[in-house]
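Trainee: structure, please.
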Amino acid sequence: MTPVRAAKAELRKVIRNALSSMSPEQKQSETESLVMKFLSSPEYQNSRIISVYVSTPEEVNTWDIVQDIFKSGSRKCFVPRFDGTGMHMLRVHSFEDYNTLPLNKWNISQPESCDGREEGVSAGLDLILVPGLAFTKDGVRLGRGKGYYDSYIARCLEAGLKPHLLSLSFSCQLCENIPVTDRDRNVDRVILP
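Mentor: Numbers count the residues shown, from 1 in each chain. Predicted structure coming up:
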């Protein structure tokens, strides 16, 4: 294991411990603040084709964001689908569609297949809400180690898209420095509570 990979693995352990130490009240309070800031951000307000991660219990809950996208009536919502070849951002057509997505092997809801669903790159994503375990104030991000989002962002750029890349960070996820490789992609802005 390279020194950078070892440092990333150690930081993931530290952040996971910090996340598991958050009280439900603190997590709820910070989530409400983060969601409000995201929904009022100019990036969101000016976007129509939006990719949102399906949150896990240790992440900022994206439920209210997805609801707002569908409530607007003028936005399209895309969520990730992971498979053996990487990640695709696929359109979900309604809140009901979103709520009935099956679980994958990581216990995350996702579309069952790509069949019949519009893909985010061809749709022209305006905004990607990018998850992560740790962030710096200037947008350096530590993911879960599979590189799915880094690869997908690279695909967007190769297709000539430059979507806004935003992340939501609990206060305990903020770091001074994060080890990176040249494959890692920064986000444009990290929203903090």
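Trainee: where in this structure is the helix or strand with the lowest mean pLDDT?
Mentor: Least confident helix or strand, the chain: helix 95-99 with a mean of 92, by mean pLDDT, DSSP states H and E.
Trainee: for that one, which positions count as buried?
Mentor: For helix 95-99, a neighbour-count test (16 or more other C-beta atoms under 10 Å) marks residue 98 as buried. In short, each C-beta sits where N, CA and C put it, glycine included.
Trainee: swap in stretch 153-171?
Mentor: If you call a residue buried by 16+ other C-beta under 10 Å, then stretch 153-171 has these buried ones: 153, 155-156, 161, 163-170.
Trainee: ok, and what's touching that stretch?
Mentor: 19, 22, 27, 30, 34-35, 38, 41, 43-44, 47, 51, 60, 120-121, 124-132, 135, 139, 141, 185-193 (C-beta atoms under 8 Å, 6 or more residues apart in numbering).
Trainee: show me how far the top helix by length along the chain is from its chain's centre.
Mentor: The residue-count maximum for a helix in the chain (DSSP state H) belongs to helix 3-21. Centroid displacement of helix 3-21 relative to its chain, using C-alpha atoms, centre = their mean, to the nearest Å, is 18 Å.
Trainee: and stretch 36-47, by the same measure?
Mentor: Worked out by C-alpha atoms, centre = their mean, stretch 36-47 lies 15 Å from the chain centre.
Trainee: pull out the buried residues from the contacts of stretch 153-171.
Mentor: Buried, going by 16+ other C-beta under 10 Å: 19, 22, 27, 30, 34-35, 38, 41, 43-44, 47, 51, 60, 120-121, 125-132, 135, 139, 141, 185-187, 189-193, out of the contacts of stretch 153-171.
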